[in-house]
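Student: Build me a model from this:
(one chain, ligands or ions: 2)
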Amino acid sequence: MTAIPPTKVVFDTDPGVDDAMALYYALAHPGIDVVGITTTFGNVVVEQAAANALYLCALAGRHIPVAMGVSQPLQKKPEAPPGFIHGADGLGNLLMRVPTTGELDPRPAAQFIVDTVRQSPGEITLVAVGPLGNLAAALQLAPELPSLVKEVVLMGGTVLEAGNVSPVAEANIWNDPHAADAVFTAGWPLTMVGLDVTHRVILPLALFKRVADHHQHIATDTLHHAVRFYSAYYSAHDPAVGSINGCYGHDVLAFVVLTHPELFTLQAGRVRVATDGLAQGQTMMRRKEVSYPQHGWHDDIPHSQVCMAVQAQACEVAIEQTLMSAWIDI
Ligand code: BDR
Ligand code: CA
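Tutor: Ligands and ions are numbered 1, 2, ... in the order given. Modelled structure (predicted):
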């Protein structure tokens, strides 16, 4: 039997507690090979996001290139980072950081993405779990990028589920709606993992305690600390989450859809983003092949694959089993 090679991923992220969960899931899963990390503003300022990515990799004993990206949205005025959800440092206000080594790649994130994709045409999957400015900037640098990338999977947006920053908008898309619209209309194979599924998967804090108790390692202790802070926020704000003392896994599901696609129900549709006004950040999906008179919904808008349903319990099991495996290098 020939072994299937792991999926090569450039991970675009704003760590962020659920970003940290996603990173450690990806590092732990044999089906994923994280070949680079690019960081963006979002949950924290971009310098902190880059520092967190380097720190999380160092704790896990992984030497993965990290390139820093955009510090603000393409056009809109920046929103304040949500320190009340992720902590002022993005990792639940860590009490201390151990000294680690690791330097940033000198290239801006967009250049890093373009270079990495050009080196391995057809092989790189971009997994993006923050505001989408780095992907939009990479498209500006290399308009041919959509034909060279294997796939884009993004955590962001919502179709039927209520938004989490307005009645219709999800945070990553709302943070940079112009970039998001460029990404949805670029014409690459794109899977959207939005609140329609991430709000179905509530991960108990106890899962991360079991993982930390099992490994007895600073990487998983750090993740457990961060998730404790993040769970306190979600548990206080959503009774369904509070009843199990947990949190939404959001970003980790962008990797679970790669490793366990059978757990998700996808629907194809043309997605656009509202860039201004009260609906700013709304992801609107044209689900029927109707010829609308409204400008912007023409047949040349590419299809996205949108996750509409998920087998939540099976996702939770997959996440725990993966994090419990022997994946930490030191
Ligand atoms: C998304 O927003 C961020 O706060 C999370 O990290 C996730 O990417 C959820 O709306
Ligand atoms: Ca994120």
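Student: which parts of the protein sit against ligand 1?
Tutor: Proximity of the chain to ligand 1 is confined to 16, 18-19, 43, 129-130, 155, 164, 170-172, 250-251 under the rule C-beta under 6 Å from any ligand atom. Where C-beta positions appear, they are placed from N, C-alpha and C, glycine not excepted.
Student: ok, 8 Å please
Tutor: Within the chain, the positions lying close to ligand 1 (C-beta under 8 Å from any ligand atom) are 14-19, 42-43, 82, 85-86, 129-130, 155-156, 164-165, 170-172, 175, 195, 198, 248, 250-251.
Student: Need the single longest helix in the protein, by residues.
Tutor: Longest helix in the chain by number of residues (criterion: DSSP state H): helix 218-237.
Student: neighbouring contacts of that helix?
Tutor: By C-beta atoms under 8 Å, 6 or more residues apart in numbering, the surrounding residues in contact with helix 218-237 are 17-18, 20-21, 24, 56, 59-61, 84-87, 91-95, 98, 203, 205, 208-209, 211-212, 214, 241-242, 245-248, 323, 328.
Student: cool, and stretch 74-88?
Tutor: 16-17, 41-45, 72, 90, 92-94, 133, 136, 171, 174-179, 182, 226, 229-230, 233-234, 275, 280.
Student: List the buried residues for it?
Tutor: For stretch 74-88, the neighbour count (16 or more other C-beta atoms under 10 Å) marks L74, K76, E79, P81, P82, I85, H86, G87 as buried.
Student: and if you look at stretch 162-172?
Tutor: Under 16+ other C-beta under 10 Å, the buried positions of stretch 162-172 are G163, N164, V165, V168, A169, E170, A171, N172.
Student: Find the residue closest to the first one in space, skipping its chain neighbours.
Tutor: Looking back up the chat, that one is G163. Among residues not flanking G163 along the chain, A169 sits closest, at 4.3 Å (C-beta to C-beta, 6 or more residues apart in numbering).
Student: which residues does that neighbour contact?
Tutor: Contacts for A169 were tallied using C-beta under 8 Å, 6+ apart; they are T158, G163, A274, A279, Q280, G281, Q282.
Student: Tell me the secondary structure at L203.
Tutor: Here L203 is strand, with the state taken from DSSP: H, G, I helix; E, B strand; the rest coil.
Student: Tell me the bridge partners for it.
Tutor: In this entry, L203 is beta-bridged to C247, by DSSP bridges.
Student: PyMOL command for the buried members of the contacts of helix 218-237?
Tutor: Remark: buried members of the contacts of helix 218-237, expressed as a PyMOL selection using 16+ other C-beta under 10 Å:
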select buried, resi 17+18+20+21+24+56+59+60+85+86+87+91+92+94+203+205+208+211+212+241+246+247+248+323+328
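Student: From the contacts of helix 218-237, which land in helices?
Tutor: Per DSSP H, the contacts of helix 218-237 map to helices at 17-18, 20-21, 24, 56, 59, 84-86, 205, 208-209, 211-212, 214, 241-242, 323.
Student: filter these down to the ones near ligand 2?
Tutor: Residues of the ones in helices among the contacts of helix 218-237 in contact with ligand 2 (C-beta under 5 Å from the ion): none.
Student: what residues does this structure put near ligand 2?
Tutor: So the chain meets ligand 2 at D14, G16, D19, V129, G130, D251 (C-beta under 5 Å from the ion).
Student: List the buried residues for the longest helix of the chain?
Tutor: Quick answer for helix 218-237 (16+ other C-beta under 10 Å): 218-235.
Student: Where in this structure is the helix or strand with the lowest mean pLDDT?
Tutor: In the chain, the helix or strand scored least confidently by mean pLDDT, DSSP states H and E is helix 239-242, which has a mean of 95.
Student: So which residues make contact with it?
Tutor: I202, S231, Y234, S235, A236, C247, Y248.
Student: any chance of those in a markdown table, with pLDDT too?
Tutor: As requested, the contacts of helix 239-242 are arranged in a markdown table below (pLDDT from 0 to 100):
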| residue | pLDDT |
| --- | --- |
| I202 | 98 |
| S231 | 98 |
| Y234 | 96 |
| S235 | 96 |
| A236 | 97 |
| C247 | 98 |
| Y248 | 97 |
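Student: can you tell me which of those lies nearest to ligand 1?
Tutor: The closest of the contacts of helix 239-242 to ligand 1 turns out to be Y248 (C-beta to the nearest ligand atom; 7.2 Å).
Student: start to end distance for stretch 161-172?
Tutor: 15 Å (C-alpha to C-alpha, to the nearest Å).
Student: oh, and call the first residue 12 from now on, that's how I've got it
Tutor: That works, and once the first residue is 12, the last one we named lands at stretch 172-183.
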